[in-house]
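S.K.: need coordinates for the below:
(one chain, ligands or ions: 1)
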Amino acid sequence: MARLLFYSRRTALPLQNSFCTSWNSVAIHSSSSRTFSSVINQLSREGEPRTAKPGSSLVSLRCPVTTRHRRSSSFARWTTYFNDRNSQHTAASALTKPHSLQGVFRRGCSSAARSSQRQDDKSIGARSVQLGSDQDWIFPSNGLQQLADSNNLMNDGTALRQELAEKGYLFIRGLHDRQAVLNARLAVLEHIDKVNGDALDLTEHELREGVLDSRCGAGCVPFMEGRNSITHSDAVSNVLESERAKTFFSTLFGESVRTFDFKWLRGIHRAGYTGAHVDNVYMSRGTDRLLTCWQPLGDTPVEMGTLAVCEGSHRLPQFATFQETYGNFDVELGKLQGTGWFTEDPKEILAFGGQWKTSDFRAGDALIFTLRTVHMSTANQTHFARISCDTRWQPAAESADHRYVGDIVGHADAKFGVHAKEKEAGTGEQDDQLRTGVTMASLRQAWGI
Ligand SMILES: O=C(O)CCC(=O)C(=O)O
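M.R.: Numbering: from 1, shown residues only. Coordinates of the predicted model:
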């Protein structure tokens, strides 16, 4: 049976649109009983037959085959996320006033919706999302476009390399086995719950839903980066170091490959995001033919925090000074204080040129990009933990940045990126680097950018 979950902070939750043309059952989940009443009343007004269990936090609504619900100006943003039994989904949402619905997830979509899922990616309508610190973005739009996948080139190394050189990234749908990714997600959620029993809301939600406790903010989801029992658990390794992944990267490089032992496994809390940066500032001490592969562990719509790349930023002449100064900076050697991000405002990158692109990601999808490609993430505006991992791949014959291979002694602590941001936000720790390091603002002033 299809299942739809609504998460809400408010009580007024009318539906705006439905995108799946046939669903047969809906579950509404919230801690507020007023929320249920108002949803049920609204659905009733809109002519949806319903069955509700009074007093229960989980309400089943039987819906007929339906086309679209009426629009109303009072409707808040909501997002639907469809998954079918054959491991596909389409994500959709409606235009919005922010606030009420934090996310709507539906499992078990009809075959009609399944067959039209590709079209739905384009036709579902625009949603407002937060890119980095900037709330002023619509996806998809001219400013923040849909990533085009390169699946048609999958078996052609030369074509893949040309595409990567041209765009600075490759978006591959279903690079990984979907079920393996979902298994990995569950293993990570179990790990999170084991390390911090307060991180996830398990009073009303199943673990596999990955719903964060309402008090879980910065610093609450355990740190999981490095080489450890969860990054190298069977479930996670089955995705990150699968034969399927190795074959893809061997084809892409046209030679045998290796991957860093260090894995950047992350659980991003509500409101968390990553600012704009290039990876060269963190890992420039080996070959420059190093690629990042970003993969969410689970279905991840843009509202949940997806990676966005600035197409062309790795090679456009307008980025030359940016790449020669910031792009060549080694955050550790340069004793940087802070994240290593050039900016949290995507518009500052657009001032150079390029084009921001992202996508709703399905479990299994991956985004691969160069050391010089500017990227950042949308903010997680949902109640779900966004779980993802960055892996790094390079030709086996070339030198590897010693900090990320082997035992990784001395580099287990994250000093930069999102963790530095959390420290800045005042979670307590003040290490030497934070007190004495150079700031990105002062560097940018010196670089004149
Ligand atoms: O997962 C994220 O939010 C950002 C990942 C990333 O940019 C990186 O590790 O380089």
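
S.K.: going forward, measure contacts and count neighbours with C-alpha atoms only.
M.R.: Fine.

S.K.: identify the residues contacting residue 190.
M.R.: Listed by Cα atoms under 8 Å, 6 or more residues apart in numbering, the contact partners of residue 190 are residue 207.

S.K.: how much space between it and residue 234?
M.R.: 14 Å (Cα to Cα, to the nearest Å).

S.K.: so the nearest residue to residue 391 once chain neighbours are set aside: helix, strand or coil?
M.R.: Nearest non-adjacent residue to residue 391, counting by Cα to Cα, 6 or more residues apart in numbering: residue 293, 5.2 Å away. Using DSSP: H, G, I helix; E, B strand; the rest coil, the structure places residue 293 in strand.

S.K.: so in terms of bridging, what pairs with residue 293?
M.R.: As for beta bridges, residue 293 partners with residue 368, residue 391 under DSSP bridges.

S.K.: contacts only, for it.
M.R.: 366, 367, 368, 369, 390, 391, 392, 393.

S.K.: same check on residue 173?
M.R.: Residue 173 makes contact with 149, 151, 362, 364, 365, 366 under the criterion Cα under 8 Å, 6+ apart.

S.K.: rerun that using 10 Å as the cut-off
M.R.: Applying Cα atoms under 10 Å, 6 or more residues apart in numbering to residue 173 gives the contacts 148, 149, 150, 151, 361, 362, 363, 364, 365, 366, 367.

S.K.: would stretch 353-361 count as contacting the ligand?
M.R.: No. Shown here: stretch 353-361 not in contact with the ligand (Cα under 6 Å from any ligand atom), separated by at least 12.4 Å.

S.K.: give me the neighbour count for the residue nearest to residue 318 when sequence neighbours are not counted.
M.R.: Nearest non-adjacent residue to residue 318, counting by Cα to Cα, 6+ apart: residue 352, 5.5 Å away. For residue 352, the count of nearby residues is 17 (other Cα atoms under 10 Å).

S.K.: hang on, isn't residue 352 packed against residue 315?
M.R.: No. Under the criterion of Cα atoms under 10 Å, residue 352 makes no contact with residue 315, lying 11.6 Å away.

S.K.: was I right to think residue 259 contacts residue 240?
M.R.: Yes. At 9.1 Å, residue 259 counts as touching residue 240 under the criterion of Cα under 10 Å.

S.K.: those two: which has the busier surroundings?
M.R.: More neighbours surround residue 240 than the other of residue 259 and residue 240, with 26 against 22 (other Cα under 10 Å).

S.K.: quick one: the more buried one from residue 146, how far?
M.R.: Counting by Cα to Cα - residue 240 and residue 146 are separated by 25 Å.

S.K.: gap between the residue of the stretch 251-400 of the chain found nearest the ligand and residue 218?
M.R.: Nearest residue of the stretch 251-400 of the chain to the ligand: residue 274, at 4.6 Å (Cα to the nearest ligand atom). Separation of residue 274 from residue 218 (Cα to Cα): 13 Å.
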